[in-house]
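Undergrad: how does the following fold in three dimensions:
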Amino acid sequence: MDYSSISLQEIDTNNIGSDIKAINNYGIEILLSKLKSHWINKDNEEIYCDFSFKNFNEGINFINSVAEQSEIHNHHPEIIVKYKNVRIVLTTHDVKGLSIKDFILASRIENIFIEKFT
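TA: Below you'll find the model as predicted:
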């Protein structure tokens with residue numbers, strides 16, 4: 001797949017199909033470069049990003065918005081809360097690594113943060 005021509009905002013995860021594959025190192029780097037926030041690639045198995053908020057309640061509101069998107073895309077992150085800091089961790093368990101679904105949801109999560117919390 002040519003990841004350089006993909007617009008993460010335009011892909012609907014529900015239309016990808018069931019043949020999800022793990023992304024190779026080169027594809028991961030291309031897709032990471034399309035994200036606005038500072039997502040960290042951990043061993044090509046997961047990506048994570050830390051988000052900071054004014055207070056605990058704002059962080060929880062962010063989590064609730066992320067939960068809504070996660071349900072829409074049927075792809076669910078690990079969410080870690082430490083007072084006003086939230087870490088989102090994305091991986092695709094079915095491929096034991098990263099898939100396009102992780103990057104699509106990361107893009108949606110970034111938009112939530114930018115539009116509602118900055």
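Undergrad: now the strands for the chain?
TA: Counting by DSSP state E, the chain forms strands over residues 40-42, 46-52, 78-82, 85-90, given from the N-terminal end onward.
Undergrad: can you get me a residue count around the nearest residue to residue 111 once chain neighbours are set aside?
TA: When the adjacent residues along the chain are set aside, residue 111 lies closest to residue 9, with 7.5 Å between them (Cβ to Cβ, 6 or more residues apart in numbering). C-betas here are computed from N, CA, C, even on glycine. With neighbours defined by other Cβ atoms under 10 Å, the count for residue 9 comes to 11.
Undergrad: just read off the phi/psi values of residue 9.
TA: For residue 9, the backbone dihedrals are phi -70, psi -20 (criterion: degrees, to the nearest 10).
Undergrad: can you pull the pLDDT of the nearest residue to residue 101 once chain neighbours are set aside?
TA: The spatial neighbour of residue 101 that comes closest, neighbours along the chain excluded (Cβ to Cβ, 6+ apart), is residue 75 at 4.7 Å. We note a pLDDT of 93 for residue 75 in this prediction.
Undergrad: hmm, residue 103 and residue 75 touching each other?
TA: No - in terms of Cβ atoms under 8 Å, residue 75 does not count as a neighbour of residue 103; the distance is 10.5 Å.
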